[in-house]
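Peer 1: below are the sequence and a predicted model for it; my questions follow.
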Amino acid sequence: MTTETQRDRISTSRPLDRPWLPWGGAPSARDLVCWYGIWLVFAYSFAMWPLKPWLIGTNPLLLEVLTGTQSAMAVAGAFARVGEATMALALAAGVVGMMKFAWVFWWAGRLWGGNMVRLLSGVPDGRTKRSHRLFSRENPASRWAIGAAVVLAPLPLVPGPLAFAAAGWSGMGLGAFLVLNLIGSAAWTGLFTGLGYAMGQPAVDVAEAITDHAVWVSLGVIGATLVVQVAMGRRAAGGRS
C-alpha cells in the first residue's frame, strides 16, 4: 500500500501553488484577482459570440461596446449614414469596446513580468531572461517598440494581450499605456466606421438580414464551436495515449 508523500499533500492542499503559474509560489490577493480577471475576459469574449447576430442589425452601437468588433463598427457607421445613429456615438462605442479589457493584460504584465509574457507567447523558460533585456525600461529601442505594438494592437496580426502585457513588464505607466491604446483604438474604429459610412444602406440591409436569421446563425456558431472543441479534445487525448 502506497502512502501519500508530503509533496503530494502540499500539491493537493495548494492547487494554485504551481511552477507554471505566473506568480511563482503562493499567490497574493492581487495575483488571484488579476488571474481570474483574465479568465473572465476570455469567458466573456466566448459568451458574446452567440449574441452578435442578434444585435448586429438592431443595435450595432451596443454590440460595439460589448465586443469591439470590426463588423459592429462598420454597421454602426452605416447606421450613421442612414440617420439611425450618430457618427460620434459610433466612434465612441467602438473605442470603448476595444479598450475596456486592455488594462487587465497590462496589469498582468506589471505583476508577473516575463512569466506572463512567456505564458501568452509560448516562449520557453530559457529565453525569458534574454527577453527581459528586450523589454527593459532602460532600453530606449524597446520602449519605442512596445509603444508601437500597443498602438498597432488592433491590427489582426498583432497579438494585443501580448503587447499589453509587455507594456506592463517594461514599466510603462498606466496613463501612457491608456493614451497609446486610445490612439490605436480610435484609428482602427475610425477606419471601419468610415468604411461602413461609405457603404450606407447596403451594409444596413445585410446586417438586418443577419439579425432576421439570428437563431440559425447563433446555432451555427455554437455548433461549430462545439465541433472544434470536441476535435481538439480528441486530438489531445490521442497525443497522450
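Peer 2: Nice, thanks for sending it over.

Peer 1: which elements pack onto the host helix or strand of Gly94?
Peer 2: Assigned by DSSP states H and E, Gly94 belongs to helix 87-99. If you count contacts as 3 or more CB pairs under 8 Å, 6 or more residues apart in numbering; DSSP states H and E, helix 87-99 packs onto helix 60-67, helix 70-81, helix 174-199. Yep, even glycine has a C-beta here, placed from its N, CA and C like the rest.

Peer 1: which outside residues touch that helix?
Peer 2: 60-62, 64-69, 72-73, 76-77, 79-80, 154, 178, 181-182, 185-186, 188-190, 192-193, 196-197 (CB atoms under 8 Å, 6 or more residues apart in numbering).

Peer 1: change it to 7 Å
Peer 2: The contact list for helix 87-99, computed with CB atoms under 7 Å, 6 or more residues apart in numbering, reads 61, 64-68, 73, 76-77, 80, 154, 181-182, 185-186, 188-190, 193, 197.

Peer 1: and for stretch 144-152?
Peer 2: Here stretch 144-152 makes contact (CB under 7 Å, 6+ apart) with 135, 158, 163-164, 166-167, 170, 172, 177, 180-181, 183-184.

Peer 1: using CSV, write out every CA atom in that stretch.
Peer 2: Output in CSV follows, covering the C-alpha atoms of stretch 144-152 (Å, rounded to 0.1, in the frame of the first residue of the first chain):
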residue,chain,number,x,y,z
TRP,A,144,9.6,52.6,-28.8
ALA,A,145,8.9,49.1,-30.0
ILE,A,146,6.5,48.3,-27.2
GLY,A,147,4.7,51.6,-27.6
ALA,A,148,4.3,51.0,-31.3
ALA,A,149,3.0,47.5,-30.5
VAL,A,150,0.3,48.9,-28.2
VAL,A,151,-0.8,51.4,-30.8
LEU,A,152,-0.9,48.7,-33.5
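
Peer 1: follow-up on the earlier one: quick one, which of the helices and strands packed on helix 87-99 is nearest to Gly25?
Peer 2: Gly25 lies closest to helix 174-199 among the helices and strands packed on helix 87-99, at 25.7 Å (CB to CB).

Peer 1: could you check the angle the closest one makes with helix 70-81?
Peer 2: Calculated by axes from the mean of the first three to the mean of the last three CA atoms, to 10 degrees, helix 174-199 forms an angle of 60 degrees with helix 70-81.

Peer 1: quick check: mean pLDDT of helix 174-199?
Peer 2: The average of the pLDDT scores along helix 174-199 is 94.

Peer 1: from the contact counts, what lies against it?
Peer 2: Judged by 3 or more CB pairs under 7 Å, 6 or more residues apart in numbering; DSSP states H and E, helix 174-199 is in contact with helix 70-81, helix 87-99, helix 102-112, helix 140-152.

Peer 1: which of the ones you listed has the highest mean neighbour count?
Peer 2: helix 70-81 (a mean of 26; mean count of other CB atoms under 10 Å).

Peer 1: what's the mean pLDDT across it?
Peer 2: Here the average pLDDT along helix 70-81 is 91.

Peer 1: against which helices or strands is it packed?
Peer 2: Partner elements for helix 70-81 (3+ CB pairs under 7 Å, 6+ apart): helix 60-67, helix 87-99, helix 174-199, helix 201-212.
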